[in-house]
Structure formats: structure tokens, C-alpha cells
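> here is a sequence with its predicted model. Questions after.
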Amino acid sequence: MADSPVTGIKPGLNPTHTLGSRPENMGLMEFEIDAAYASDIGLGTIVAYTDVANDGAADGTLVAGLAGDGRDPVGVCRGVSYVRPADGEPVEGKFYPGGLNPVENAKIKVQAAVDRTFITRGNADISAVIPGQIYAMEASSINVATGHETALVDIAGGVTAGNDSIDVEIVKILDSRNLPEARVLEVRLARHEFDR
């Protein structure tokens, strides 16, 4: 396990590498956000297709992944754009405030590569965590001041079966010190819509 300090890690999923490759954090795809979607989506939020069948056939729109949804994630939000209903102004940013009905041209930029890895932190001591184990992310929560997802890997909740869109596989332990600012992990999505 790594024991050197790793600092400045934001909550949520922060892009880092592709497995077995050089540092890589590009490769964005653009999708529409479900027009009736009432929840926030921020930088680092795991997203999945709106339709439960997991194939995008209904309308191809995305929503934030949820515990128990059984969906395969499409990727991780890296930005949004929409037309603000109140004044018709176009907005490009990190944060989509849900419930802006009716929203026009709501789009989400997603890192959708199957082998993408991310840096994040655990919500509890990670000294017993082993690469290859699967844990859920905490419930999505957006810091509206920064636009960043604040969810951490739910170490306290224990290992999961990997059946939900918010499940992540541990790739590497980067800072195992049991301090809230440490507990740094490299993870990848445990399931993926484009890897079936």
C-alpha cells in the first residue's frame, strides 16, 4: 500500500488514466439530459441512461446513477450546458441544477471510456481495502458553490456485488493514512454500458 501523502484530491471521481496506459483524461462524449430530470448533476457524478432497460433505446438521455438502480453506467460527468429557462441565457459549466423545467438543449459531457480510471477518497479507513474489491459510491450530492460531486467511496458500507451504476472497482491504494484528507484510491467503474 502507498503511504506517501496525496493532497488536493477533490471529492467525486477525478479522471486520471486509462488502464495499462499513459495519463489520459480526455475523450468526452455528449449526451442529452432528461428534460424532466429533477436532481442535480455535477462534475464527477456517475451517470446512466434514463431508461431502465439500460440500452438508451427510449430517448438516449442520461440521469445520475443511483444505488439499487441495476443500471450500467455510461460514464462520469465532466461538464454540462443548457439554456436557463428564466432568461434564455446559455450556460456552460460544471453543475446542472435539476428541476429547471422546461430546460432547452440540456447536454452533459461524459468521460465514457470503459477503461478510464479516477482518483477519489474513501469515507472510512481503507487499510483493509484490496485492489479488485468493489464498493458503492455514497449517494450523489453536489456542492453547488463549486459544481463538484461530493460523494466518496462508501468503504463503511462494505464490499458490494457490483450490480449498480454507482459501484466502483478498486484499482490501487494511493494514500492509506486514516485521515479524512487522505484515504486516496484509484478506481474504475465496476460495470459499464459500453462493455457488455
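Cool, the structure landed.
> relative to residue 125, how far out is the residue sitting furthest away from the middle of the chain?
Note on the chain: the largest C-alpha distance from the chain mean falls to residue 87, namely 29.7 Å (CA atoms, centre = their mean). Using CB to CB, to the nearest Å, residue 87 is found at 48 Å from residue 125. In short, each C-beta sits where N, CA and C put it, glycine included.
> residue 117 - how many residues pack around it?
If you count neighbours by other CB atoms under 10 Å, residue 117 ends up with 26.
> let me fix that: residue 139
Using other CB under 10 Å: residue 139 sits among 12 other residues.
> wait, doesn't it sit right on residue 151?
Yes - Residue 139 is in contact with residue 151 according to CB atoms under 8 Å; the separation is 6.7 Å.
> so where's the longest strand in the protein?
strand 73-83 (DSSP state E).
> pretty sure residue 122 sits against residue 181.
No - the pair residue 122 / residue 181 is not scored as a contact, 11.7 Å apart, by CB under 8 Å.
> can you pull the phi/psi pair for the residue farthest from the centre of the chain?
With angles defined as degrees, to the nearest 10, residue 87 sits at phi -130, psi 0.
> from residue 98, how far out is it?
18 Å.
> for residue 46, list each beta-bridge partner.
Beta bridges link residue 46 to residue 76 when assigned by DSSP bridges.
> contacts only, for it.
If you count contacts by CB atoms under 8 Å, 6 or more residues apart in numbering, residue 46 has them with 13, 64-65, 73, 75-77, 137, 140, 165-166, 189.
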